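Q: for reference, the sequence and a predicted model appear below.
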Amino acid sequence: MNSSYPLSWLLFSGVAYSGCLVWMLFRVNWQVFKKESIAQHLFYGSIFTLSCLWQIRGGIKPGLDVHFLGVTAAVLFMGWPLGIMAATGALLVSTFIGWLPWQELGIQGLLQIILPALVSWLGYQLAERTLPPNPFVYLMVCAFFVAGFAMAAVVLAKSAVLWLSDIYSWEVIYHNYVRYLLLLMFPEAFLNGAIIGTVFLVSPHWIATFNEDVFFNDDDPSS
């Protein structure tokens, strides 16, 4: 399978994505990961789940296909370094089974992993600092709305790359991809919100970004 992206884009994205992965490798606490079986189960389970999710896709033209991301949930479960590593594992699986050309590992990694992970982590950090520590706020903002914005960022960035690389005209991109932006945001938001919400009800301690001591603290902060 050949790539439609220019060679310069593929080389630049490959180097940039590799640099991001090296940085993530140094940010993960591998000693804790080796000791925590829950972290290992979440990591390998995320690889399997994302690999399956990414096979459910549709689209009219090559490169304008759509599928669930699930990256927001992975970031909330494990933090963004380990979430990115898990999503990278899923990307490698998808490449191995022929979902995309191996030449596009870098550009797809930047667009569909690094970008939504960054949006998800920044959204979580912003909500944590500016909004009250409430479980409902956490689920609706960090899991639901942030996931929708992450999908919007991916759609717009991917559209810009396809347009700037002269693969499609903006008219084709808009009519076959961008104009469905809201329709793509809601399912992504619902999926991530449902996953986090379900685990939150059963085992909230599995969610690394959810601090039970803070969110269920009944003490009056003014006292």
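A: That came in fine, so what should we check first?

Q: which residues sit against stretch 30-37?
A: 39-40, 43, 82 (C-beta atoms under 8 Å, 6 or more residues apart in numbering). Quick note: C-beta positions are derived from backbone N, CA and C, even for glycine.

Q: 6 Å - rerun?
A: residue 39 (C-beta atoms under 6 Å, 6 or more residues apart in numbering).

Q: give the contact list for the closest residue to residue 143 other than its chain neighbours.
A: Spatial nearest neighbour of residue 143, excluding adjacent residues (C-beta to C-beta, 6 or more residues apart in numbering): residue 196 at 3.9 Å. Contact analysis of residue 196 by C-beta under 6 Å, 6+ apart lists 73, 76, 143.

Q: of those residues, which belong to helices?
A: 73, 76 (DSSP state H).

Q: what's the offset of the helix or strand that the residue nearest to residue 143 is a member of from the middle of its chain?
A: Assigned by DSSP states H and E, residue 196 belongs to helix 181-202. The chain centre lies 12 Å from the centre of helix 181-202; the measure is C-alpha atoms, centre = their mean, to the nearest Å.

Q: kindly format the C-alpha coordinates of that helix as PDB.
A: Below are the C-alpha coordinates for helix 181-202, written out as PDB (Å, rounded to 0.1, in the frame of the first residue of the first chain):
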ATOM      1  CA  LEU A 181     -17.600  17.900  12.100                       C
ATOM      2  CA  LEU A 182     -20.400  18.100  14.600                       C
ATOM      3  CA  LEU A 183     -21.600  14.700  13.700                       C
ATOM      4  CA  LEU A 184     -18.200  13.300  14.300                       C
ATOM      5  CA  MET A 185     -17.600  15.100  17.600                       C
ATOM      6  CA  PHE A 186     -20.700  13.800  19.400                       C
ATOM      7  CA  PRO A 187     -20.100  10.000  19.000                       C
ATOM      8  CA  GLU A 188     -16.500  10.500  20.100                       C
ATOM      9  CA  ALA A 189     -17.600  12.500  23.100                       C
ATOM     10  CA  PHE A 190     -20.300   9.900  24.000                       C
ATOM     11  CA  LEU A 191     -17.900   6.900  23.600                       C
ATOM     12  CA  ASN A 192     -15.200   8.300  25.800                       C
ATOM     13  CA  GLY A 193     -17.700   9.600  28.300                       C
ATOM     14  CA  ALA A 194     -19.500   6.200  28.500                       C
ATOM     15  CA  ILE A 195     -16.200   4.400  29.000                       C
ATOM     16  CA  ILE A 196     -14.900   6.600  31.700                       C
ATOM     17  CA  GLY A 197     -18.400   6.900  33.300                       C
ATOM     18  CA  THR A 198     -18.800   3.100  33.400                       C
ATOM     19  CA  VAL A 199     -15.300   2.500  35.000                       C
ATOM     20  CA  PHE A 200     -15.900   5.400  37.300                       C
ATOM     21  CA  LEU A 201     -19.000   3.700  38.800                       C
ATOM     22  CA  VAL A 202     -17.300   0.300  39.200                       C
END
